[in-house]
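Trainee: just a sequence and a predicted model for now, questions to come.
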Amino acid sequence: MLIKSIFELDDKVVFSREMIVTRLVNTEETGDLPADKNSSDKSRGEDKTNDMAVGLTNEQAAEIMAWEIGEWSITGQRMSENGEPQLVKMTKTVRWKEKGKSLEYQFDLLENGQPVTYRGLQTFNAVENLFVYRAKWGENPETISYERYDPSTRTTSSYFFPTTSPSDNKTVTVSRRVGDDKTEQTMEVFHKGQRVFSHELVSIRIKAGQKNVSP
């Protein structure tokens, strides 16, 4: 799966990245992340994604989420504006938080030679037909993204916002599923309308513990 992200500061992009995600192992273990309860944030996401609306039933949404379950190897590069590209390498583990309703994400990587773990949580809002993803990376503010999935192209389009407002930053991510065990992602980060960061990532599933669907 390919994922692209962009971070903005004062309408300028300060960071961007593109990642490729590969599933390593399938698992349905439960996690401990809190569920999303911010309905006002979801409304903001809806405004940004109306042009990508694709109606999904709860059962279809659960299938789409289940595809993510497993362990993935992620490689790619990230680059701040006017900066040099930097190698990205990490692993991602995805499991059910509440089966059929929410997913827990865990990212493991090295920063300055030290192991670091980041977490995220995804839920589905059936009323607004949006996947909602909350995450916190290091000392950065918690972010929430609103995602639309198009089954015809197997592409997810996302908009990220800090949960503390107001904010001049926005992150736009596009992820595409390739086959049953690969994703390609591009991300761009904007600050006050200017791109400050981007990345391109490829994720590959390493091992599958169960037969995977291809929603």
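Mentor: Thanks, I have it.
Trainee: ok, now how distant is the closest residue to S102 other than its chain neighbours from Q194?
Mentor: Nearest non-adjacent residue to S102, counting by Cβ to Cβ, 6 or more residues apart in numbering: T123, 4.7 Å away. For glycine as for every other residue, the C-beta is placed from the backbone atoms N, C-alpha and C. Going from T123 to Q194 by Cβ to Cβ, to the nearest Å gives 31 Å.
Trainee: so if I had to pick from those two, which one is more boxed in?
Mentor: T123 (20 against 16; other Cβ atoms under 10 Å).
Trainee: doesn't that one lie inside a strand?
Mentor: Yes. Counting by DSSP: H, G, I helix; E, B strand; the rest coil, T123 falls inside a strand.
Trainee: who does it bridge with?
Mentor: Taking DSSP bridges as the rule, T123 bridges to S102, V132.
Trainee: over to Q86?
Mentor: R78.
Trainee: right, and it touches F197 too?
Mentor: No. Counting by Cβ atoms under 8 Å, Q86 sits too far from F197 to count as a contact (10.7 Å).
Trainee: what sits in contact with each of those two?
Mentor: Common contacts of Q86 and F197, defined by Cβ atoms under 8 Å, 6 or more residues apart in numbering, comprise 78-79.
Trainee: please say which of the two ends up with more neighbours.
Mentor: Using other Cβ under 10 Å, the more surrounded residue of Q86 and F197 is F197, with 27 against 12.
Trainee: can you tell me the element the more buried one falls in?
Mentor: Per DSSP states H and E: F197 is located in strand 194-207.
Trainee: can you give me the buried ones in that strand?
Mentor: Across strand 194-207, burial judged by 16 or more other Cβ atoms under 10 Å covers 194-205.
Trainee: now stretch 128-145
Mentor: Buried residues in stretch 128-145 (16+ other Cβ under 10 Å): 128-135, 143-145.
Trainee: ok, the residues you listed vs Q114, which is closest?
Mentor: A135 (19.8 Å; Cβ to Cβ).
Trainee: and the closest one, what helix or strand is that in?
Mentor: Going by DSSP H and E, A135 is part of strand 130-136.
Trainee: got the contact list for L87?
Mentor: Neighbouring residues of L87 by Cβ under 8 Å, 6+ apart: 75-77.
Trainee: would you list the buried residues of strand 194-207 in JSON lines and tack on pLDDT?
Mentor: As requested, the buried residues of strand 194-207 are exported to JSON lines (pLDDT from 0 to 100):
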{"residue": "Q194", "pLDDT": "91"}
{"residue": "R195", "pLDDT": "93"}
{"residue": "V196", "pLDDT": "93"}
{"residue": "F197", "pLDDT": "93"}
{"residue": "S198", "pLDDT": "94"}
{"residue": "H199", "pLDDT": "95"}
{"residue": "E200", "pLDDT": "96"}
{"residue": "L201", "pLDDT": "97"}
{"residue": "V202", "pLDDT": "98"}
{"residue": "S203", "pLDDT": "98"}
{"residue": "I204", "pLDDT": "97"}
{"residue": "R205", "pLDDT": "96"}
